[in-house]
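Enquirer: Below: sequence and its predicted model.
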Amino acid sequence: MIPPFVAAAIQMSSGAEKSANLEQAESLIAEAAQQGAKLVVLPELFPFLGKVTELRKNAETMDGGTLERMRQLAIKHQLVLCAGSIAIEASNDPNKVVNRSLVFGPHGQTLSTYDKIHCFDIRLPDVTVMESEHVRAGSQLSVSATPLGHVGQAICYDLRFPEVFRHLTEDGMQICVLPAAFTDKTGQAHWEVLARARAIENQIYVIAANQCGLYADSIQCYGNSMIIDPWGEVLARGSSREPGIILAEIDLAKLRRIRSELPALTHRRLA
Ligand SMILES: NC(=O)CCC(=O)C(=O)O
């Protein structure tokens, strides 16, 4: 039985300067740990958030500095740490990266690895992004048994694809960690309703850690990081523009109670 514990979503305003981003991440992780967090989630592309055309130039390798630094922070603060996502050089392709998220355990062990499977390719009147031209999409989902429960991974745009979350739930997910750099325009319209829907329909906790700054001189992120319970209640919420941490209690007994009182997951019919 896993007792209730505190989780934190870290909201950042990453830009193109890696050292400043890493300092911000490190100090917010320390603050979250000091406030009692045992599970901490960083946002999407937290070490480098710039033009997609520059992702490969700023990409890391699997034995690179940022991942090792995150592993050491998990050990130092005794955390389950979802290290947001990081652009990692794609193997066999000199032009592309994978948008990869790792979860470390309190002994520094790698518990889970996930490459974002849905690339953000959109043409809105004032936001055009073609992530797939520079990012190779992943093809595998991941749920891992951590000391704090079964953690499933998704990244940002994945939030729009309910089937991902349903698969993860079928694989045992209780808590979804969702690093994001959700845009301001789409966030105002869709962020909360999508994240709450995923929590409600799968009866899971969602820890959604978003970026909140302006990047690539043109894309404003929405902030409003959230921790949502399996009933769909927003337990904690970040501001629109300020980096910081939000904290909330994760109680897997509450999850089990909701699933038992309203057993919608067992009532599914495909015909
Ligand atoms: N980085 C992303 O995947 C952004 C997704 C987003 O903003 C959306 O509206 O979806």
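Expert: Received the coordinates, thanks.
Enquirer: Look up how far the ligand lies from R123.
Expert: For R123, the distance to the ligand equals 13 Å [CB to the nearest ligand atom, to the nearest Å]. In short, each C-beta sits where N, CA and C put it, glycine included.
Enquirer: One more: Q11?
Expert: 15 Å.
Enquirer: H107 now?
Expert: Computed as CB to the nearest ligand atom, the H107 to the ligand distance reads 31 Å.
Enquirer: Wait, that residue touches I75, no?
Expert: Yes - if you go by CB atoms under 8 Å, H107 and I75 touch, sitting 6.6 Å apart.
Enquirer: With neighbour numbers in mind, choose between these two.
Expert: A direct count of neighbours by other CB atoms under 10 Å for H107 and I75 places I75 higher, at 16 against 11.
Enquirer: Which secondary structure state does that one sit in?
Expert: At I75, secondary structure determined by DSSP: H, G, I helix; E, B strand; the rest coil is helix.
Enquirer: returning to that earlier point: list the residues that are in contact with both of H107 and I75.
Expert: Both H107 and I75 lack any common contact, where contact means CB atoms under 8 Å, 6 or more residues apart in numbering.
Enquirer: how close does Y157 sit to D171?
Expert: When distance is defined by CB to CB, to the nearest Å, Y157 is 20 Å away from D171.
Enquirer: do V103 as well
Expert: The gap separating V103 from D171 is 15 Å, by CB to CB.
Enquirer: and what of D217?
Expert: To D171, D217 is 40 Å away according to CB to CB.
Enquirer: can you check H267 too?
Expert: For H267, the distance to D171 - CB to CB - is 19 Å.
Enquirer: I29 now?
Expert: I29 is 28 Å from D171, where distance means CB to CB.
Enquirer: Neighbour count for the two, which is higher?
Expert: I29 (24 against 13).
Enquirer: Work out for me the element that one sits within.
Expert: For I29, the host element (DSSP states H and E) is helix 18-34.
Enquirer: Remind me what that helix packs against, helices and strands.
Expert: Here helix 18-34 touches strand 5-11, strand 37-41, helix 65-77, strand 244-250, going by 3 or more CB pairs under 8 Å, 6 or more residues apart in numbering; DSSP states H and E.
Enquirer: quick one, strands of the stretch 151-271 of the chain?
Expert: For the stretch 151-271 of the chain, the strands defined by DSSP state E, counting those that start in this stretch occupy 175-180, 205-210, 214-215, 219-220, 226-228, 234-237, 244-250.
Enquirer: Let's have the ones you listed in a markdown table, adding mean neighbour count.
Expert: Formatted as a markdown table, these follow (neighbours: other CB atoms under 10 Å):
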| stretch | mean neighbour count |
| --- | --- |
| strand 175-180 | 29 |
| strand 205-210 | 29 |
| strand 214-215 | 18 |
| strand 219-220 | 20 |
| strand 226-228 | 26 |
| strand 234-237 | 18 |
| strand 244-250 | 20 |
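Enquirer: out of these, nearest to the ligand?
Expert: When the strands of the stretch 151-271 of the chain are compared by CB to the nearest ligand atom, strand 175-180 sits nearest the ligand, at 6.5 Å.
Enquirer: Next, the angle from that closest one to strand 244-250.
Expert: Counting by axes from the mean of the first three to the mean of the last three CA atoms, to 10 degrees, strand 175-180 lies at 170 degrees to strand 244-250.
Enquirer: So what are the sheet partners of strand 175-180 and their directions?
Expert: Strand 175-180 pairs in its sheet with strand 149-153 (parallel), strand 205-210 (parallel), by DSSP bridges.
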